[in-house]
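Engineer: Any chance you could fold what I've pasted below:
(chains A and B)
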Amino acid sequence: NAGVTQTPKFQVLKTGQSMTLQCAQDMNHEYMSWYRQDPGMGLRLIHYSVGAGITDQGEVPNGYNVSRSTTEDFPLRLLSAAPSQTSVYFCASSYDRGPHTDTQYFGPGTRLTVL
Amino acid sequence: AQKVTQAQTEISVVEKEDVTLDCVYETRDTTYYLFWYKQPPSGELVFLIRRNSFDEQNEISGRYSWNFQKSTSSFNFTITASQVVDSAVYFCALITGANSKLTFGKGITLSVRP
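Structural biologist: Numbering: from 1, shown residues only, chains lettered A, B, ... in the order given. A predicted model of the protein is given here:
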């Protein structure tokens, strides 16, 4: 198993550009989520999904969209990048319906800079 | 609302010293789970432990031990005989009831000097 994979590892955008951060897992996990990590803030939940076709907002969803068309993939879309979205983004997954019932495992992260 | 407080922001110790990382949580739910994650300088997040609210037994895994006390809403992490490889940021996290949202503390940066 490759586990949780994220692409790209690094990305630089200009303000107003759009892009998609990719996340995939090959463990047949139902639950997937996106977090952002900022200095001194810990990790904050952006969006999550408890299964294909089901998504919900986390703590800081503004400026981000998600969809879950397959069990394996959970892309995060930035519609119009802003400097405030400069951060490290982590994708996570767990077998059951979420960290309430199962441990989440994290991908390696994507470091995004918005100029 | 749920909250995790890691009051220590940075800790520096000399190798072989014992060190305790504090975690205090807040929740009104009686069912919840607590976690510790390690983030080494390479940046990945490594799962260390998961503990549910009904199990107050302390746990030991090699040089790592965890002390869960519901009376003080704390879930502290002790590293015995610290090593340079223990240098990392350590996060405590909480999830409650049927909520699917994991709440993290702000993390503690541990530096172990040779």
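Engineer: B:Phe91 is in contact with A:Gly42, correct?
Structural biologist: Yes: judged on CB atoms under 8 Å, A:Gly42 makes contact with B:Phe91 at a distance of 6.2 Å. C-betas here are computed from N, CA, C, even on glycine.
Engineer: more neighbours, these two?
Structural biologist: Comparing A:Gly42 with B:Phe91 by other CB atoms under 10 Å in any protein chain shown, the one with more neighbours is B:Phe91, at 24 against 19.
Engineer: hang on, the earlier thing: now do the shared contacts for A:Gly42 and B:Phe91.
Structural biologist: Shared contacts of A:Gly42 and B:Phe91 (CB atoms under 8 Å, 6 or more residues apart in numbering or on different chains): B:104-105, B:107.
Engineer: need the residues of chain B near chain A, please.
Structural biologist: B:4, B:9, B:33, B:35, B:37, B:43-45, B:47, B:50, B:91, B:93, B:95-107 (CB under 8 Å from any CB of the partner chain).
Engineer: In helices, which of the residues you listed appear?
Structural biologist: Judged by DSSP state H, helices contain none of the residues of chain B next to chain A.
Engineer: Got a PyMOL select line for the buried ones in those?
Structural biologist: Here is the PyMOL command that selects the buried residues among the residues of chain B next to chain A (16 or more other CB atoms under 10 Å in any protein chain shown):
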select buried, chain B and resi 4+33+35+37+45+91+93+95+96+99+100+101+102+103+104+105+106+107
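Engineer: Out of the shared contacts of A:Gly42 and B:Phe91, which is nearest to chain A?
Structural biologist: For those, the minimum distance to chain A (CB to the nearest CB) is 4.0 Å, reached by B:Phe104.
Engineer: Pull the contacting residues for that closest one.
Structural biologist: By CB under 8 Å, 6+ apart, the contact set of B:Phe104 is A:35, A:42-44, B:4, B:37, B:91-93.
Engineer: cutoff 7 Å now
Structural biologist: Contact analysis of B:Phe104 by CB atoms under 7 Å, 6 or more residues apart in numbering or on different chains lists A:42-43, B:4, B:91, B:93.
Engineer: Tell me the bridge partners for B:Ile95.
Structural biologist: B:Tyr33 (DSSP bridges).
Engineer: Is A:Leu21 within a helix or a strand, and which one?
Structural biologist: In this assignment (DSSP states H and E), A:Leu21 forms part of strand A:19-25.
Engineer: and that strand, does that touch chain B?
Structural biologist: No: if you take CB under 7 Å from any CB of the partner chain as the test, strand A:19-25 misses chain B, and the best it gets is 13.8 Å.
Engineer: Identify the residue nearest the geometric centre of chain A.
Structural biologist: A:Trp34 (2.8 Å; CA atoms, centre = their mean).
Engineer: Show me what it bridges to in the sheet.
Structural biologist: Judged by DSSP bridges, the bridge partners of A:Trp34 are A:His47, A:Cys91.
Engineer: about what we covered before: tell me which entries of the shared contacts of A:Gly42 and B:Phe91 lie within strands.
Structural biologist: Under the assignment DSSP state E, the shared contacts of A:Gly42 and B:Phe91 contribute B:Phe104 to strands.
Engineer: re the thing from before, would you format the contacts of B:Phe104 as TSV with pLDDT and distance to A:Gln6 included?
Structural biologist: What follows is the contacts of B:Phe104, written out as TSV (pLDDT from 0 to 100; distance: CB to CB, whole Å):
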residue	pLDDT	distance to A:Gln6
A:Gly42	86	19
A:Leu43	91	14
B:Val4	95	24
B:Phe91	96	18
B:Ala93	93	20
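Engineer: All set, thanks.
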